[in-house]
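Undergrad: the following comprises the amino acid sequence and a computationally predicted model.
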Amino acid sequence: MFYLNPMDFLNNLSEETQLIFLIIAIALLFVLVLFNNKRNKKLRYDRDKRFFNKNYYKKKRQHKG
């Protein structure tokens, strides 16, 4: 069975191609971090202007009725 080591694959590519792959990988990670940061802010900071007492009683009424 033929098995290709990932490092052999990278070493066979030209330096320009390796650089392009590196830039694409960094850009992809950057976009994922931005997306996750936006999602976390939405989950944590969109809570009716962060008034704890107001939110607590509002949720309490929702669960009763």
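TA: Done, it's in. Residues are numbered from 1 along each chain as shown.
Undergrad: please count neighbours and contacts with C-alpha atoms only from this point.
TA: OK.
Undergrad: which helix is the longest one in this structure?
TA: helix 15-45 (DSSP state H).
Undergrad: average model confidence for the helix or strand just after that one?
TA: Next helix or strand after helix 15-45 toward the C-terminus (DSSP states H and E): helix 52-64. The pLDDT scores in helix 52-64 average 74.
Undergrad: for helix 52-64, buried residues please.
TA: For helix 52-64, the buried set under the neighbour-count rule, 16 or more other C-alpha atoms under 10 Å, is empty.
Undergrad: alpha carbons of it, as CSV, please.
TA: The C-alpha trace of helix 52-64 is given here as CSV (Å, rounded to 0.1, in the frame of the first residue of the first chain):
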residue,chain,number,x,y,z
PHE,A,52,-30.0,41.5,35.2
ASN,A,53,-33.1,42.2,37.3
LYS,A,54,-35.3,43.0,34.4
ASN,A,55,-34.1,39.9,32.5
TYR,A,56,-34.5,37.7,35.5
TYR,A,57,-38.2,38.7,36.2
LYS,A,58,-39.0,38.6,32.5
LYS,A,59,-37.7,35.1,32.2
LYS,A,60,-39.5,34.1,35.4
ARG,A,61,-42.8,35.3,34.0
GLN,A,62,-42.2,33.5,30.8
HIS,A,63,-41.6,30.2,32.6
LYS,A,64,-44.7,30.6,34.8
